[in-house]
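In: Sequence and predicted structure below; questions after.
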Amino acid sequence: MATVLLIADDDWVRNDVEAALSGPRRTITTVADPREAVGAAAAAEPAAILIDMQVGSMGGMAVVRACKDAIAAGQIAEAPLILLLDRTADVFLADRSGADEWVTKPFTAQDLRAVVPTGSSV
């Protein structure tokens, strides 16, 4: 079963992601504290990492950078880093952060499924 790691502290974001992506071949692991993102990614070995732009004290851009650094250092396996943006104007920030993909809130299940990798394990 594949895991998607969600870094988000808002209930509605967690609920909407879980409703859109949970299924018989995929589980959602949620972390509310962005400082735990790298450790959670190391433990879960996720197929994708979804990061809310406005999460905790770090913010989504800092989480993306921390995950990119951890991937480069071999601390976590490479996985797509997907930012959940608050507005379309944040696309510039998402691109600068190094995120692989992004979706603007409010998002639909189809929006999320379009950017989360598919395949036999996800």
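Out: It's in. Just so it is clear, the structure is predicted and the values come from calculations on it, not from any experiment. Numbers count the residues shown, from 1 in each chain.
In: Centre-most residue in the protein?
Out: Leu50 (0.9 Å; Cα atoms, centre = their mean).
In: Need the contact partners of the strand or helix carrying that residue.
Out: Element membership of Leu50 [criterion: DSSP states H and E] is strand 48-52. With Cβ atoms under 8 Å, 6 or more residues apart in numbering as the test, strand 48-52 has contacts from 4-10, 13, 17, 34, 37, 41, 60, 63-64, 67, 79-84, 99, 112, 116-117, 122. The way it works is simple: take the backbone N, C-alpha and C, and place the C-beta from them, glycine included.
In: Apply 6 Å and report the result again.
Out: The contact list for strand 48-52, computed with Cβ atoms under 6 Å, 6 or more residues apart in numbering, reads 4-8, 13, 60, 63, 79-84, 116-117.
In: repeat for stretch 60-78
Out: Under Cβ under 6 Å, 6+ apart, the answer for stretch 60-78 is 7, 34, 37-38, 41-42, 45, 51-53, 81, 83, 93, 97-99.
In: Tell me which of these has the lowest pLDDT.
Out: Least confident entry in the contacts of stretch 60-78, by pLDDT: Leu93, with 87.
In: Torsion angles phi and psi at that residue?
Out: With angles defined as degrees, to the nearest 10, Leu93 shows backbone torsions of phi -70, psi -40.
In: how close does it sit to Gly56?
Out: Distance check for Leu93 against Gly56: by Cβ to Cβ, to the nearest Å, it reads 17 Å.
In: Likewise for Val91?
Out: As judged by Cβ to Cβ, Val91 and Gly56 stand 22 Å apart.
In: Neighbour count for those two, which is higher?
Out: Gly56 (19 against 14; other Cβ atoms under 10 Å).
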